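**Student:** Just the structure for this:
(2 chains)
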Amino acid sequence: MLLPGIIWLFFFNLLPMYGILMAFKDFNPGIGLWKSEWIGLENFKYMFELDDSKQIFRNTIVIALLKMIGNLVVPLVFALMLNEVKNRFFTRSVQTIVYLPHFLSWVIIAGIMLDMFSISGPVNQLLTAIGIKPIMFFADAGIFPALVVGSDIWKEFGFAAIIYFAALTSISPELYEAAAIDGASQFRRLISITLPSILPVAVLLGTLSMGNILNAGFDQIFNLYNPLVYSTGDIIDTWVYRAGLIDMQYGLATAVGLLKSIVGFILIAFSYGLAYRFANYRIF
Amino acid sequence: MKKRLFTFLSLLLVIASLSACVGKDTSSTESKESKNTSEENIDPLGSFSEPVEISIGRGIDPNYKFDGEDTPENNVYTRWLEDQYNIVTKHEWEATAGEDYEQKVSLSIASNDIPDAMVVNETQLKQMIKAGQLADLTDVYDKYGAERLKDIYDSNPGLLDNVTYDGKLYALPETTLPSAPLTWIRQDWLDELGLEAPKTLEDLEKIAQAFIDNKMGGENTLGIVGTSQGGALSSTFLTSGDHFLNFSSLFFANNAYPGIWVKDKDGKAVYGSTTPETKKTLEMMREWYAKGILDQEMALRKSAQEVLVSGKAGIFFGPWWSPYNLEDSIKNDPKANWRPYAGPTDSSGKINSNETTGSTYIVVSKDYEHPEAVIKMTNIHVSEKDASYEEVVADKQMTSQEIPLFMVMGHGDQLEYAVTSTQKHLAGELKLEDIDKVNYGFAYDLAEHVKNVKKEPYDDYNIQYWDRAGDEAFFTHLYAHLNGGSAFINADINYVRSIATAKTKTMELKWNNLKKLEDETFLKIIMGNAPISDFDKFVEKWNEQGGEQITKEVNELK
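**Tutor:** The predicted model follows:
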């Protein structure tokens, strides 16, 4: 049963590791990676000289952390709230509607967002209607991370809530009945029964997402950003893309990407340890 | 289980290595054969005796409408190439022209999987030379280059030297027609408001303000439209081929030359973006932006051209050929009377511009067996089309969409000749037969068709004296040449040349970072996200992060 997984891992994850060598070489596509000249740690040295590297690491972590927190809290609160609504037709339709954006690609959503938040777009029209001066949302480095995080949460919260809905349905109704007989209020039941029952799921999801912390969302940011918001919006992946593919600085881009992988690896090991300890989650 | 996995993997390895051997074998025999045939046939414009296939990577415009069932790969022109010259063009891949195409080319280079021939930019060319991916074209160019092709390159001295390394010719560069940014204004709006055409920056500012105040383009009229997402503020010494929809003009009018290497008062090379003149222009643009004169969404728009098409704006900067991009604007509003003005002028009344350099190149893979086919295709592209062409293509003027490996190629005075000969023909001073059809085929085409679209008076290029429907295929060509081209060739322009026209050694590694720093700072200053004092910080940082070393290298170039 393990075989397909191993083959997949070998071809898609282990074999490409060879490319890491590029970070230590002056890569020349004409003669191939192996024959290209070794240049040692030069790329890493230049990387640490660049202002960009501090900036992109900081941006990546800030955006990813905000997304992590938002994507944990919002679906949970949403699921709890919807769970209290007793009209089944209503809850079903709301569920369906809110998870739909998950299936749209960032290209589409970004296009809609850029129009919505443009200077003559609906959002600014609303603002002018209540007497606020129009805001250049996508030109403001201060606002950009909020837009990124906000749109990501908006896109994903409905889908993420599905797990909580599943966890909620597995709570035994007898607990609620017993509590009701004992005279517990609806809020008391939420605090004492519902929350503790789905807390393990929340903790598990939280710790698992930690391994993903350096993936702040290439598709999304790539489709939304522009030079004006590089200072807060440029993340490792978008920077590596520009340096590597557009500017053809292969070695430098690989070096930065490699550093990201190393930090990512440490975080995954760390979060696995946490998941093991607090949620009893194990792979092996 | 483990054993089976191992067998499977080793089997894969065997297959892979076998196929590699097979590939090598066939290619070496083929190249021997091709050598034999090439020695027999050295007519630059002759047909190949056997069909010769060439695979190219192609940038296409998804909005371009081909006739009938034609495609970029199979159209009137490619079929004619095949029938007449036995050159069969195949597309290895296609990508949307522009950024997508550049990415695809870069990807091809990085993975060492390049088509037989394609059109690349300067950075890509350098990378390919360094990687040893390119064919040495010296011999085939000598042998197969038609006289006219050689004439063209000889009339543009230095062009071939730029792509020759260690005595080997690695690419065919495009020739640049001279160019400078003009100010394009909606004359019908000017007339309606009773305003004069602009000469200075102050005039321009007033006109833009008047357009906005009088809502000439509707409720949200924009002032001066400029660069869109990913677009540059000004043309640079590496990609200076076009001035379309950027703000070069504003800089030039302040004697500032961002993006190119100029001489300071001691005669030393200095990077134009770091000069006080550039700072002054940025300060002015910052004010203009705050007042709403510059498009509030500059640098954010997906396409600045869209604003022109929708009729919301009446001013932009662009070269003489800008009307090629105004077709839809005129279609949407037949009264849209776009007129070009040379300028704005600097304080001493001069019109400045930087001199453009070519920035695209045809390159041939070193693994391609018939590099002469590429030379021939270029010969054919620049030569007077023969009778079979007229028969097949008839009156339609082929564009970069039909012609594979299209580049701008022509004598330095091509534009001037085309404009003046057409004007003279209109005035009745020059007969059609007297136009130099051999050397200026397109000028002949223009003159031949001009009376279909140009109404009297012949020397008035306002839009009401044109008949677009008269000859739709030629309207845009003629409109661009007469309206834009005549304004350009009559203008007295003070050209400033960049000292460096290619990357120096330190630039290879550090230029991208410096350029990013520049773009970011300049945009932020103009759009009010950073104080003007950030300019001095930028200059300091720029020098620190490699600019100083690069300036030294550029000074050594002289």
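
**Student:** Which residues are in contact with residue B:301?
**Tutor:** Residue B:301 makes contact with B:228-229, B:295, B:307, according to CB atoms under 8 Å, 6 or more residues apart in numbering or on different chains. Quick note: C-beta positions are derived from backbone N, CA and C, even for glycine.

**Student:** need the residues of the stretch 51-200 of chain A near chain B, please.
**Tutor:** A:51-52, A:114, A:118-120, A:136, A:138-141 (CB under 8 Å from any CB of the partner chain).

**Student:** In helices, which of the contacts of residue B:301 appear?
**Tutor:** Those of the contacts of residue B:301 mapping onto helices are residue B:307, per DSSP state H.

**Student:** Within reach of chain A, which of the contacts of residue B:301 are there?
**Tutor:** Filtering these for proximity to chain A by CB under 8 Å from any CB leaves residue B:229.

**Student:** Which residue in the contacts of residue B:301 has the weakest pLDDT?
**Tutor:** Least confident of the contacts of residue B:301 in the model: residue B:229, at 79.

**Student:** ok, back up a step: so which of the contacts of residue B:301 comes closest to chain A?
**Tutor:** Taking CB to the nearest CB as the measure, chain A lies nearest residue B:229 of the contacts of residue B:301, at 5.6 Å.

**Student:** Surely the closest one and residue B:302 touch.
**Tutor:** Yes. Counting by CB atoms under 8 Å, residue B:302 is a contact partner of residue B:229 at 5.8 Å.

**Student:** of these two, who's got more company?
**Tutor:** The neighbour count for residue B:229 versus residue B:302, taken as other CB atoms under 10 Å in any protein chain shown, is higher for residue B:229 (18 against 12).

**Student:** rewinding a little: mark which of the contacts of residue B:301 are part of strands, please.
**Tutor:** The strands, defined by DSSP state E, take in nothing from those.

**Student:** Give me the nearest residue to residue 222, chain neighbours excluded.
**Tutor:** If you meant another chain, say so; for now it's chain A. Closest residue to residue A:222 apart from its sequence neighbours, by CB to CB, 6 or more residues apart in numbering or on different chains: residue A:238 at 5.4 Å.

**Student:** sorry, should have said chain B
**Tutor:** Closest to residue B:222 by CB to CB, 6+ apart is residue B:313, at 4.1 Å.

**Student:** Same question for residue B:53.
**Tutor:** residue B:88 (4.7 Å).

**Student:** Residue B:224 too?
**Tutor:** That would be residue B:315: by CB to CB, 6+ apart, it lies 4.7 Å from residue B:224.

**Student:** Partner strands of the one helix or strand the one you found maps to, with direction?
**Tutor:** If you go by DSSP states H and E, residue B:315 is part of strand B:313-318. Strand pairing for strand B:313-318, using DSSP bridges, gives strand B:182-186 (antiparallel), strand B:222-225 (parallel).

**Student:** Extract the C-alpha set from that strand and format it as PDB.
**Tutor:** In PDB, the C-alpha atoms belonging to strand B:313-318 read as follows (Å, rounded to 0.1, in the frame of the first residue of the first chain):
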ATOM      1  CA  ALA B 313      -8.800  60.800 -20.900                       C
ATOM      2  CA  GLY B 314      -7.500  63.300 -23.500                       C
ATOM      3  CA  ILE B 315      -3.700  63.400 -22.900                       C
ATOM      4  CA  PHE B 316      -0.900  60.800 -23.000                       C
ATOM      5  CA  PHE B 317       2.700  60.500 -24.200                       C
ATOM      6  CA  GLY B 318       3.600  58.200 -26.900                       C
END
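
**Student:** what's the one residue in the stretch 151-284 of chain A that gets nearest to chain B sitting at in phi/psi?
**Tutor:** Relative to chain B, the nearest point of the stretch 151-284 of chain A is residue A:247 (4.2 Å; CB to the nearest CB). Main-chain torsions, residue A:247, degrees, to the nearest 10: phi -90, psi 0.

**Student:** what about the nearest residue to it once chain neighbours are set aside, is that helix, strand or coil?
**Tutor:** Once flanking residues are discounted, residue A:247 sits nearest to residue B:512: 4.2 Å by CB to CB, 6+ apart. Recorded secondary structure, residue B:512: helix (DSSP: H, G, I helix; E, B strand; the rest coil).

**Student:** likewise residue A:142?
**Tutor:** coil.

**Student:** May I have the residues that are in contact with it?
**Tutor:** residue A:232.

**Student:** Look up how far residue B:521 lies from it.
**Tutor:** 17 Å (CB to CB, to the nearest Å).

**Student:** ranges for the strands of the stretch 1-150 of chain A?
**Tutor:** Using DSSP state E, counting those that start in this stretch, the strands assigned to the stretch 1-150 of chain A run over residues A:25-26, A:37-38.

**Student:** again with the stretch 401-550 of chain B
**Tutor:** For the stretch 401-550 of chain B, the strands defined by DSSP E, counting those that start in this stretch occupy B:493-496.

**Student:** what does it put close to chain A?
**Tutor:** B:509, B:512-513, B:516, B:519-520, B:523-524, B:527, B:529, B:541, B:545.

**Student:** still on that earlier bit, who are the packing partners of whichever helix or strand the residue nearest to residue A:222 is part of?
**Tutor:** Using DSSP H and E, residue A:238 sits within helix A:236-241. Using 3 or more CB pairs under 8 Å, 6 or more residues apart in numbering or on different chains; DSSP states H and E as the contact definition, the elements that helix A:236-241 packs against are helix A:51-84, helix A:218-224, helix A:250-279.

**Student:** ok, and what's touching stretch B:125-132?
**Tutor:** With CB under 8 Å, 6+ apart, stretch B:125-132 has contacts from A:28-31, A:248, B:109, B:112, B:114, B:120, B:134, B:163, B:165, B:170-171, B:361, B:363, B:366, B:502-503, B:508.

**Student:** Where does pLDDT dip in the stretch 51-200 of chain A?
**Tutor:** Applying pLDDT under 70 to the predicted model, the stretch 51-200 of chain A contains no residue that meets it.

**Student:** An error on my part: the question was meant for chain B.
**Tutor:** B:1-41, B:240-241, B:357-358, B:384, B:395, B:558.

**Student:** ok and the residue in it nearest chain A?
**Tutor:** residue B:131 (3.2 Å).

**Student:** Pull the contacting residues for the residue nearest to that residue when sequence neighbours are not counted.
**Tutor:** Spatial nearest neighbour of residue B:131, excluding adjacent residues (CB to CB, 6+ apart): residue A:30 at 3.2 Å. Neighbouring residues of residue A:30 by CB under 8 Å, 6+ apart: B:112, B:128, B:130-133.
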